[in-house]
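Visitor: Model the following, please.
(one chain, ligands or ions: 2)
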Amino acid sequence: MALEGVSRTFAADPPAVALDGVDLAVAAGSLTAVLGPSGSGKSTLLGVLAGTVRPDSGTVHVGGREVDAPGRHVPPEHRRVGLVPQDGTLFPHLDVAGNVAFGLSGRPRSQRRERVAEMLELVGLASLSSRRPDELSGGQQQRVALARALAPAPDVVLLDEPFSALDTSLRSSLRAEVARVLSDAATTAILVTHDQEEALSMADRVVVLRDGRVVQDATPTEVYRSPADEWVAGFVGDAVLLDGELLGHGGGGARVRCVLGDLDVDVARNGPSPRGRVRVFLRPEQVWRHLPGDRGPVGEAPVGRVRRVRFTGAEMVVTLEVAGVEVTARWPSSLGNVSVGDRLALEVLGRGVAFPRDPDSA
Ligand code: ADP
Ligand code: MG
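Guide: Numbering: from 1, shown residues only. Ligands and ions are numbered 1, 2, ... in the order given. Prediction:
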């Protein structure tokens with residue numbers, strides 16, 4: 001599955017550039033998440049793959065076949081693409097088995113029945129085959145929609161924000177279940193979402209889309225730990241961003257000085273190589289309390305004064321003031337209570353990333 005130089009602008013005033021030169025290659029059998037805010041072009045991208053949206057330029061390959069190119073357009077029904085739409089899209093008058101069998105018309109009855117049973121087994125709904133959609137929970141309905149999309153053994157399955165209508169508690173268990181089903185079925189899948197946790201927890205690869213452009217295409221760990229720029233850093237999770245000075249540079253890494261001390265950092269790939277003044281990026285869980293027995297003398301550690309504490313159960317989010325700068329830390333609550341006003345010695349775990357410092361904000 002691949003897109004090369006795909007652009008699409010919709011007529012509007014001003015014209016809406018939904019996709020702007022998108023290049024994307026998806027490995028067979030993998031699950032790729034396309035992550036971006038509302039309006040970034042995610043649904044347009046799925047439409048281009050499904051064949052319901054024609055690109056203005058570029059080429060599209062699905063299942064090893066060229067399906068869109070200048071002078072060429074394979075219609076949706078001939079693309080071997082399965083779609084799991086956002087919600088409420090089961091046929092209400094058909095039972096579960098009937099919904100799953102929908103894309104199998106034209107096959108012998110016995111083969112159809114066998115395939116439906118196989119798919120319902122796969123999504124764990126074998127016992128509910130004669131239920132109507134309105135007798136199912138939201139999560140069960142989405143699993144039926146997935147079984148329906150997978151039944152004709154498509155080359156690619158496209159999922160458009162498939163969990164957005166579900167309760168938070170249901171969402172995380174269904175995510176794991178859907179990732180397992182897709183992996184068992186060995187299907188190439190593209191999941192579109194604006195939910196970073198969904199993208200990071202489910203996908204083999206995360207493609208970050210912004211204003212119709214791919215701003216990063218990497219593994220979930222890379223996107224989280226080494227975001228391409230400050231915008232990606234803030235979009236895929238909570239970010240600590242501090243002004244810093246570059247001390248030394250070489251071998252792909254660098255050392256910077258900031259309010260949290262002298263830190264080892266990677267230098268961001270995208271953007272100009274920072275000289276002198278940089279922005280230091282960390283995740284809040286890298287800002288750690290210096291506990292008795294930790295390496296290094298406490299006397300040299302930076303000190304933070306607790307300004308706010310937000311307790312979320314397993315974790316606490318602690319806002320600290322360090323040398324006049326606000327820093328957010330995220331700690332397991334098992335680390336012990338902290339209170340507003342406490343002065344804590346801090347240390348940084350792992351490496352940060354150095355971004356160029358925006359000249360306008362200097
Ligand atoms: P997302 O799914 O990430 O929210 P979309 O692909 O739906 O983004 O939309 C991307 C941009 O293209 C938006 O600015 C949207 O308003 C515009 N757009 C999408 N579809 C159409 C359309 N059919 N007509 C006009 N503008 C559209
Ligand atoms: Mg959309």
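Visitor: from what I can see residue 6 touches residue 61, true?
Guide: No. Assessed by CB atoms under 8 Å, residue 6 is found out of contact with residue 61, at 10.9 Å. Backbone N, C-alpha and C define where each C-beta goes, glycine included.
Visitor: These two: who's more crowded?
Guide: More crowded of residue 6 and residue 61, by other CB atoms under 10 Å: residue 6, with 26 against 17.
Visitor: What ranges does the stretch 1-150 of the chain have for its helices?
Guide: Applying DSSP state H, counting those that start in this stretch to the stretch 1-150 of the chain gives helices spanning 42-50, 96-101, 109-122, 138-150.
Visitor: Using PDB, write out every CA atom in the second one.
Guide: This points to helix 96-101. The C-alpha trace of helix 96-101 is given here as PDB (Å, rounded to 0.1, in the frame of the first residue of the first chain):
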ATOM      1  CA  VAL A  96     -25.200 -10.100  13.100                       C
ATOM      2  CA  ALA A  97     -24.600 -13.000  10.700                       C
ATOM      3  CA  GLY A  98     -26.400 -11.100   8.000                       C
ATOM      4  CA  ASN A  99     -24.300  -8.000   8.500                       C
ATOM      5  CA  VAL A 100     -21.100 -10.000   8.300                       C
ATOM      6  CA  ALA A 101     -22.300 -11.900   5.200                       C
END
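Visitor: what's that helix packed up against?
Guide: helix 109-122, helix 138-150 (3 or more CB pairs under 8 Å, 6 or more residues apart in numbering; DSSP states H and E).
Visitor: For residue 42, find the nearest of the ones you listed.
Guide: Counting by CB to CB, residue 42 lies closest to helix 138-150 out of the helices and strands packed on helix 96-101; the figure is 17.5 Å.
Visitor: Residue 247: what's it in contact with?
Guide: In this structure, residue 247 makes contact with 254-257, 262, judged by CB atoms under 8 Å, 6 or more residues apart in numbering.
Visitor: Likewise for residue 16?
Guide: If a contact means CB under 8 Å, 6+ apart, then residue 16 has 9-10 as its contacts.
Visitor: Out of the helices of the stretch 1-150 of the chain, flag the one nearest ligand 1.
Guide: Distance to ligand 1, taken as CB to the nearest ligand atom, is lowest for helix 42-50 among the helices of the stretch 1-150 of the chain, at 3.3 Å.
Visitor: What ranges in the protein fall below the confidence cut-off?
Guide: Residue ranges of the chain with pLDDT under 70: 87-88, 252, 269-275, 292-299, 358-362.
Visitor: Please repeat the previous calculation with a cut-off of 50.
Guide: The chain contains residues with pLDDT under 50 at 271, 361-362.
Visitor: would TSV of the helices and strands packed on helix 96-101 with mean neighbour count and distance to residue 245 be doable?
Guide: Converted to TSV, those look like this (neighbours: other CB atoms under 10 Å; distance: least, CB to CB, whole Å):
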stretch	mean neighbour count	distance to residue 245
helix 109-122	16	56
helix 138-150	24	50
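Visitor: Turn those into TSV, columns for distance to ligand 1.
Guide: Listed next are the helices and strands packed on helix 96-101 as TSV, based on distance: least, CB to the nearest ligand atom, whole Å:
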stretch	distance to ligand 1
helix 109-122	28
helix 138-150	18
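Visitor: Turn these into JSON lines, columns for distance to residue 160.
Guide: What follows is these, written out as JSON lines (distance: least, CB to CB, whole Å):
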{"stretch": "helix 109-122", "distance to residue 160": "20"}
{"stretch": "helix 138-150", "distance to residue 160": "11"}
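Visitor: Dump those helices to JSON lines, plus distance to ligand 2.
Guide: Formatted as JSON lines, the helices and strands packed on helix 96-101 follow (distance: least, CB to the ion, whole Å):
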{"stretch": "helix 109-122", "distance to ligand 2": "26"}
{"stretch": "helix 138-150", "distance to ligand 2": "16"}
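Visitor: So for residue 25, which of those sits nearest?
Guide: Closest to residue 25 of the helices and strands packed on helix 96-101 is helix 138-150 (CB to CB; 22.1 Å).
Visitor: list the contacts for residue 308?
Guide: Shown in contact with residue 308 (CB under 8 Å, 6+ apart): 318-319, 340.
Visitor: Just the ones of those residues in strands?
Guide: Under the assignment DSSP state E, those contribute 318-319 to strands.
Visitor: related to what we said a few turns ago, out of the contacts of residue 247, which are buried?
Guide: Buried by 16 or more other CB atoms under 10 Å: 254-256, out of the contacts of residue 247.
Visitor: Tell me, how many residues neighbour residue 343?
Guide: With other CB under 10 Å as criterion, residue 343 counts 10.
Visitor: same deal with residue 181?
Guide: Residue 181: 20 surrounding residues under other CB under 10 Å.
Visitor: Correct me if wrong: it contacts residue 125.
Guide: No. When contacts are counted by CB under 8 Å, residue 181 is not listed as touching residue 125 (10.8 Å).
Visitor: Closest one of the contacts of residue 308 to ligand 2?
Guide: Checking those against ligand 2 by CB to the ion gives residue 319 as the nearest, at 33.6 Å.
Visitor: so where does the closest residue to the closest one other than its chain neighbours fall, helix or strand?
Guide: Spatial nearest neighbour of residue 319, chain neighbours left out: residue 308 (4.2 Å); criterion: CB to CB, 6 or more residues apart in numbering. For residue 308, the element it lies in under DSSP states H and E is strand 303-311.
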